[in-house]
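A.B. asks: Below is the structure, and that's it, no one-letter string:
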């Protein structure tokens with residue numbers, strides 16, 4: 001259903017619609033990894049992500065009768081923007097279903113791009129729940145489903161990125177890339193790019209990277225078929241998919257690609273580095289492939305490495321959580337439940353005897369109970385270095401206080417991050 005010829009047809013279909021996004025060498029990552037690291041900047045698309053490619057390629061191919069009945073899709077935000085843009089440009093009415101965790105910035109962009117041609121419905125706690133609602137809508141109205149990844153036309157459209165990467169790399173360096181790293185949600189981008197690369201440049205190493213909390217492709221490869229994850233972490237919303245596509249999966253498996261997993265905290269660290277050092281705003285899924293370098297993906301010295309920066313639709317209000325997750329992943333942010341004796345000077349002794357010179361209290365929630373000898377407090381401590389935790393715990397043990405660390409799998413932790 002999808003091969004290199006179909007992907008090249010999509011290149012022609014999208015001519016004049018999508019932006020031929022830049023392939024830029026990144027000095028920071030190149031220095032860190034001792035290789036030539038290039039970023040394919042899909043954040044430069046009109047919808048600030050690569051999703052326009054697949055959505056437009058599918059909708060533009062619909063017969064007139066289907067266009068009149070409209071289209072419907074489910075999306076974590078970026079695919080919906082691609083659908084909205086295509087509907088406005090082609091004059092096709094559309095409806096998009098967004099899970100409730102979709103950032104407000106993405107909702108507003110969808111409305112702006114689609115104008116009068118798009119209707120937005122926010123419902124469901126995940127992409128998969130929103131997808132079920134879109135399927136029901138299609139069955140009752142006759143509108144055509146525009147899948148975010150699980151359709152040959154969508155896959156072919158996303159695969160056009162690989163064509164551009166190789167053409168640009170040859171123009172700028174004289175050879176094809178050694179390694180291409182792609183983010184994975186439902187597998188459309190990886191399936192399209194891997195299919196074309198395996199046919200035209202079989203020596204290129206291809207790695208798909210998933211967030212740790214939504215590693216549906218890895219689960220499918222282990223099971224031999226797509227399986228639904230019992231639960232997912234929706235933080236990397238652009239790749240938070242509970243089940244890889246049944247159309248994308250065979251293509252990915254046939255391409256014999258590598259698959260890696262990246263902790264959401266490491267993604268946050270990369271988002272902050274992109275912002276603070278490179279001046280690039282990336283959404284979590286946009287930073288996913290970059291965050292994998294040196295972790296899930298090992299790079300050889302001197303290699304030509306391409307990472308797809310897949311999108312920049314990040315709500316600025318999320319940066320507080322990004323910083324928090326990054327600090328926890330770095331081992332510099334910790335939470336504790338402390339039983340303080342209800343007597344004068346108890347807090348002062350804690351500050352003097354437990355806290356180190358570079359430790360900082362970032363949270364202090366205290367509940368005083370007049371009929372008890374002690375009162376519990378939830379204390380957040382930020383350290384300058386990961387190595388500061390061991391001496392901190394040693395001082396806590398000597399303090400005589402009852403102190404319990406709040407682990408990441410504790411129900412309390414979910415209210416903190």
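C.D. replies: Good, I have the coordinates. Everything numeric here is computed off the predicted structure, so don't read it as measured data. Numbering: from 1, shown residues only.
A.B. asks: For stretch 357-366, buried residues please.
C.D. replies: residue 359 (16 or more other Cβ atoms under 10 Å). C-beta coordinates here come from the backbone N, C-alpha and C atoms, glycine included.
A.B. asks: For that stretch, what does the pLDDT average out to?
C.D. replies: Across stretch 357-366, pLDDT averages out at 92.
A.B. asks: Identify the residues contacting it?
C.D. replies: Contacts to stretch 357-366, defined as Cβ atoms under 8 Å, 6 or more residues apart in numbering, come from residues 333, 335, 340, 351, 355, 375-385, 388, 392, 416.
A.B. asks: what residue lies at the spatial centre of the protein?
C.D. replies: residue 285 (2.1 Å; Cα atoms, centre = their mean).
A.B. asks: what's the neighbour count on residue 346?
C.D. replies: Neighbours of residue 346 under the rule other Cβ atoms under 10 Å: 16.
A.B. asks: residue contacts, it?
C.D. replies: residue 340.
A.B. asks: again, 10 Å this time
C.D. replies: 338-340, 374-375, 377, 401 (Cβ atoms under 10 Å, 6 or more residues apart in numbering).
A.B. asks: separation between it and residue 404?
C.D. replies: 17 Å (Cβ to Cβ, to the nearest Å).
A.B. asks: what separates residue 162 from residue 169, distance-wise?
C.D. replies: In terms of Cβ to Cβ, residue 162 sits 11 Å off from residue 169.
A.B. asks: which of these two has more neighbours?
C.D. replies: residue 162 (30 against 23).
A.B. asks: Check what pLDDT that one gets.
C.D. replies: 98.
A.B. asks: what's the answer for residue 371, then?
C.D. replies: Reported pLDDT for residue 371: 62.
A.B. asks: Residue 54 too?
C.D. replies: 97.
A.B. asks: so who does it touch?
C.D. replies: By Cβ under 10 Å, 6+ apart, the contact set of residue 54 is 10, 14, 79, 82-83, 86, 146-149, 151-160, 188-189, 192.
A.B. asks: Tell me where the model's unsure across this structure.
C.D. replies: For the chain, the stretches flagged by pLDDT under 70 are 368-371, 409, 414-415, 417.
A.B. asks: Would you state the strands of it in chain order?
C.D. replies: With DSSP state E as the criterion, the chain has strands at 23-25, 36-41, 71-74, 94-98, 118-122, 144-145, 179-183, 205-211, 258-262, 304-309, 333-341, 360-366, 374-382, 402-405.
A.B. asks: The last one packs against which elements?
C.D. replies: What it means is strand 402-405. Applying 3 or more Cβ pairs under 10 Å, 6 or more residues apart in numbering; DSSP states H and E, we find strand 402-405 packed against strand 333-341, strand 374-382, helix 389-398.
A.B. asks: Make CSV from the ones you listed and add mean neighbour count to it.
C.D. replies: Compiled in CSV, those are given as follows (neighbours: other Cβ atoms under 10 Å):
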stretch, mean neighbour count
strand 333-341, 19
strand 374-382, 18
helix 389-398, 14
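A.B. asks: Please produce TSV containing these, extended by distance to residue 235.
C.D. replies: Listed next are these as TSV, based on distance: least, Cβ to Cβ, whole Å:
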stretch	distance to residue 235
strand 333-341	16
strand 374-382	19
helix 389-398	24
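A.B. asks: who wins for proximity to residue 93 among those?
C.D. replies: strand 333-341 (47.4 Å; Cβ to Cβ).
A.B. asks: Given the closest one, what are its sheet partners and their directions?
C.D. replies: Strand pairing for strand 333-341, using DSSP bridges, gives strand 374-382 (antiparallel), strand 402-405 (antiparallel).
A.B. asks: Output those strands as a markdown table; include the columns distance to residue 278.
C.D. replies: Formatted as a markdown table, the strands paired with strand 333-341 follow (distance: least, Cβ to Cβ, whole Å):
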| stretch | distance to residue 278 |
| --- | --- |
| strand 374-382 | 25 |
| strand 402-405 | 35 |
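A.B. asks: Mind checking those strands for the one nearest to residue 98?
C.D. replies: Short answer: strand 374-382, nearest of those by Cβ to Cβ, at 32.2 Å.
A.B. asks: Overlap of the contact sets of residue 162 and residue 169?
C.D. replies: 40, 177, 180, 201, 204, 306.
A.B. asks: can you pull the contacts of the first one?
C.D. replies: This means residue 40. So residue 40 contacts 21-24, 50, 161-162, 164-165, 168-169, 177, 180-182, 289, 306-310 (Cβ under 10 Å, 6+ apart).
A.B. asks: which residue sits closest to residue 33, ignoring its sequence neighbours?
C.D. replies: Nearest residue to residue 33, sequence neighbours excluded (Cβ to Cβ, 6 or more residues apart in numbering): residue 299, at 4.7 Å.
A.B. asks: Correct me if wrong: that neighbour contacts residue 293.
C.D. replies: Yes - Residue 299 lies in contact with residue 293 (Cβ atoms under 10 Å); the separation is 5.7 Å.
A.B. asks: Settle it for me: which of the two has more neighbours?
C.D. replies: Taking other Cβ under 10 Å, residue 299 and residue 293 do not tie; residue 293 has more neighbours (24 against 21).
A.B. asks: show me the contacts for that one.
C.D. replies: Applying Cβ under 10 Å, 6+ apart, the residues near residue 293 are 29, 32-33, 35, 37, 179, 181, 207, 209, 260, 262, 270, 299, 305, 307.
A.B. asks: Buried members of the residues you listed into ChimeraX, please.
C.D. replies: Here is the ChimeraX selection string for the buried members of the contacts of residue 293, based on 16+ other Cβ under 10 Å:
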select :29,33,35,37,179,181,207,209,260,262,270,299,305,307
